[in-house]
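Colleague: predicted model follows, preceded by the sequence.
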Amino acid sequence: MLNIYILGASGMLGYSIFSNLSEYKNFNVFGTVRNINNKENYFSEFKNKIIDNIDISDLSSLENLFQKNKPDIVINCIGLIKQHSISKQYIQAIKVNALLPHELAHICDKYQAKLIHFSTDCVFDGKSGNYQQTDIPTATDLYGRTKYLGEVTYGKHLTLRTSIIGHELSSSVSLVDWFLNQKDQINGYTKAIFSGFPTCYIAKLLAEKIIPNENLNGLYHLSSEAIDKYTLLSDIAAVYHKDIIINPSEDLVIDRSLNSAPLRNEINFTPPSWSELVKVMYEDYNKRYKK
């Protein structure tokens, strides 16, 4: 049985991966958090698997944890997301997005553990799309640059460049939760192209395709079939029974879609359609987020 630690298990990506992977019998899954204040009901069935008071500003707490119960896999879901203002603060962004992943890799090396880290399509400026793994990142903003610097591409470790949609536990700044909170009408951008995955589907891929592939290391793009935001929101509205008018708009033109042919070949994977992915996300929402 593999000991798997999810760092940042109360965040949007972390909670989804933690709660989904916990259902697999061949994984012994632990989640680390600073605290779960006001989120206790989401973790009621995982009380003995959540380790709180883990602060990334003092990594000795993490080392002490690993000494007691050695990890096989460490999945880093800690990161400053673009929608939060703290991601625009230079010192914090550099510490969390750029430096921390390499510190974690160093600690993992001590315990012969594999780090799985998540980067972002935002390392590219979105002017061309269908970006290859070999393309040189073109981001000019702090977020994209720090995420690029944080990519761990050495040793047995794995960095997955991707983009996510899904549900949060305590805020509504991500696309889906923001959308579900809107009333009357919104704009849907027909020329804003997305190629990420729902967080719950990333968890499924980790469990069934990526973690079992021990030799998968370095940098890979992880992407779905590209979709524009107007069509994506329309699909979400239909599946979630959201009554809202979505006006097609060409005001935003950006294409950060990723080409993930190497990973698809490596793990023998073809992404489902977006209508299927949205249904999977909705089922997961009803199961894990309606507490």
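Modeller: That came through fine. Numbering: from 1, shown residues only.

Colleague: contacts only, for residue 39.
Modeller: With contacts defined as Cβ atoms under 8 Å, 6 or more residues apart in numbering, the neighbours of residue 39 are 10, 169, 170. In short, each C-beta sits where N, CA and C put it, glycine included.

Colleague: list the buried residues in the host helix or strand of residue 191.
Modeller: Here residue 191 is covered by strand 185-194, with elements defined by DSSP states H and E. Buried positions in strand 185-194, judged by neighbour count with 16 or more other Cβ atoms under 10 Å: 187, 188, 189, 190, 192, 193, 194.

Colleague: need the buried ones from the contacts of residue 39 selected in PyMOL.
Modeller: Those of these that count as buried under 16+ other Cβ under 10 Å are selected in PyMOL with:
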select buried, resi 10+169
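
Colleague: surely residue 172 and residue 178 touch.
Modeller: Yes. Residue 172 is within contact range of residue 178, at 5.6 Å (criterion: Cβ atoms under 8 Å).

Colleague: intersection of neighbour lists for those two?
Modeller: By Cβ under 8 Å, 6+ apart, no residue touches both residue 172 and residue 178.

Colleague: neighbouring strands - and their directions - for the strand holding residue 191?
Modeller: strand 227-228 (antiparallel), strand 245-255 (parallel) (DSSP bridges).

Colleague: what residue ranges in the stretch 1-150 of the chain are flagged as low confidence?
Modeller: Applying pLDDT under 70 to the stretch 1-150 of the chain flags residues 83-87.

Colleague: and the helices in it?
Modeller: 12-21, 60-68, 90-93, 100-110, 142-149 (DSSP state H, counting those that start in this stretch).

Colleague: take the first one, keep the C-alpha atoms, and write them as PDB.
Modeller: Right, the one you point to is helix 12-21. What follows is helix 12-21, C-alpha atoms only, in PDB (Å, rounded to 0.1, in the frame of the first residue of the first chain):
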ATOM      1  CA  MET A  12      -9.700  23.500  -4.400                       C
ATOM      2  CA  LEU A  13      -7.300  21.000  -6.000                       C
ATOM      3  CA  GLY A  14      -6.100  19.500  -2.800                       C
ATOM      4  CA  TYR A  15      -9.500  18.600  -1.300                       C
ATOM      5  CA  SER A  16     -10.600  17.100  -4.600                       C
ATOM      6  CA  ILE A  17      -7.500  14.900  -4.900                       C
ATOM      7  CA  PHE A  18      -7.500  14.000  -1.200                       C
ATOM      8  CA  SER A  19     -11.200  13.000  -1.000                       C
ATOM      9  CA  ASN A  20     -11.100  11.100  -4.300                       C
ATOM     10  CA  LEU A  21      -7.800   9.200  -3.700                       C
END
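
Colleague: what helices or strands is it leaning on?
Modeller: Packing partners of helix 12-21 (3 or more Cβ pairs under 8 Å, 6 or more residues apart in numbering; DSSP states H and E): strand 2-7, strand 27-32, helix 199-205, helix 274-288.

Colleague: over to the shortest one?
Modeller: In terms of contacts (3+ Cβ pairs under 8 Å, 6+ apart), helix 90-93 is packed against helix 142-149.

Colleague: for the second one, same thing?
Modeller: Here helix 60-68 touches strand 2-7, helix 100-110, going by 3+ Cβ pairs under 8 Å, 6+ apart.
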